[in-house]
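A.B. asks: Mind folding the following:
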Amino acid sequence: MATWNQLGLQDAASPIMQGYLLTSDHTMLIIMMITVLVAYLLTSILFNKYTNRFMLEGQTLETIWTILPAIMLIFIALPSLRLLYLTDEINQPSITLKVIGHQWYWSYEYSDFLPTEFDSYMIPVNEMKKNNFRLLDVDNRVVLPFNTDIRILITAADVLHSWAMPAMGLKADATPGRLNQVSMNAKRIGLFFGQCSEICGANHSFMPITMEICPQQPFINWMSNMIQEA
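C.D. replies: Numbering: from 1, shown residues only. A predicted model of the protein is given here:
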């Protein structure tokens, strides 16, 4: 989850998010190199009383600063395109989770098992316990197994929403009448938080997402209890 004074992105909990972090660091390094070079050239021109005229007009220099940005764009584009391909790649999923956005809560369906579905509402401040997180915890958490290929189908029942889980590198629009698909494979066990990232109405900021990643056996036990209660 995000913390106060946090400067960077959340710690990665999936291979896709790890790729985002590496691509971000790679791009920031290139941007810093460009910034230092441009600042040096501007300083040399502005504060050097005897600026060489070949510094201002010269075919060789113009050729260099035309080719150099193109090369830098290639170094940025190659890892970005690879990551984009991996994001769209859908492996054979072991579990399918359907997410439905409402004003202003989420519904979840586990379609691979006996009909198992539930609504997930934010816990009001006056009903919170000491171990709950304010404005982030919900009454029914999404429980998913660790190190498992998961397909997530996302839609909405009324208006546009956006299902976002930053630690997993997931963010997809929930559009009425349309299914969006993302894939996930959690590499860390724990509790992860997200929120609706589309302004969907008055209570937009009060429809959080809480995901609990656990080993396979506890997930099977949890699913068995859900089926029995249904």
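
A.B. asks: Next, Asp25: phi, psi?
C.D. replies: phi -70, psi -40 (degrees, to the nearest 10).

A.B. asks: helix or strand right after the one helix or strand in the chain whose mean pLDDT sits lowest?
C.D. replies: Scoring the helices and strands of the chain by mean pLDDT, DSSP states H and E places helix 53-56 at the bottom, with a mean of 61. Toward the C-terminus, helix 53-56 is succeeded by helix 59-88 as the next helix or strand (DSSP states H and E).

A.B. asks: what's the spacing between the helix or strand following that next one and its chain's center?
C.D. replies: Counting by DSSP H and E, the next helix or strand C-terminal to helix 59-88 is strand 95-102. Chain-centre distance of strand 95-102: 17 Å, with CA atoms, centre = their mean, to the nearest Å.

A.B. asks: ditto for stretch 101-116
C.D. replies: Taking CA atoms, centre = their mean, one finds the center of stretch 101-116 at 21 Å from the center of the full chain.

A.B. asks: Same question for stretch 134-142.
C.D. replies: 18 Å.

A.B. asks: Identify all contacting residues around it.
C.D. replies: Residues outside stretch 134-142 that contact it (CB atoms under 8 Å, 6 or more residues apart in numbering): 1, 97, 108, 118-123, 125, 128, 191, 193, 195, 205-206, 208-212. Bear in mind the C-beta positions are built from the backbone N, C-alpha and C, glycine included.

A.B. asks: Quick one: end-to-end distance for it.
C.D. replies: 17 Å (CA to CA, to the nearest Å).

A.B. asks: Give the buried residues for that stretch.
C.D. replies: Leu136, Asp137, Val138, Arg141, Val142 (16 or more other CB atoms under 10 Å).

A.B. asks: mind listing what the residue most central in space within the chain touches?
C.D. replies: For the chain, Gly169 is the residue whose C-alpha lies nearest the centre (CA atoms, centre = their mean; 2.9 Å). For Gly169, the contact set (CB under 8 Å, 6+ apart) comprises Ala12, Ser14, Ile16, Met17, Gly19, Tyr20, Thr87.
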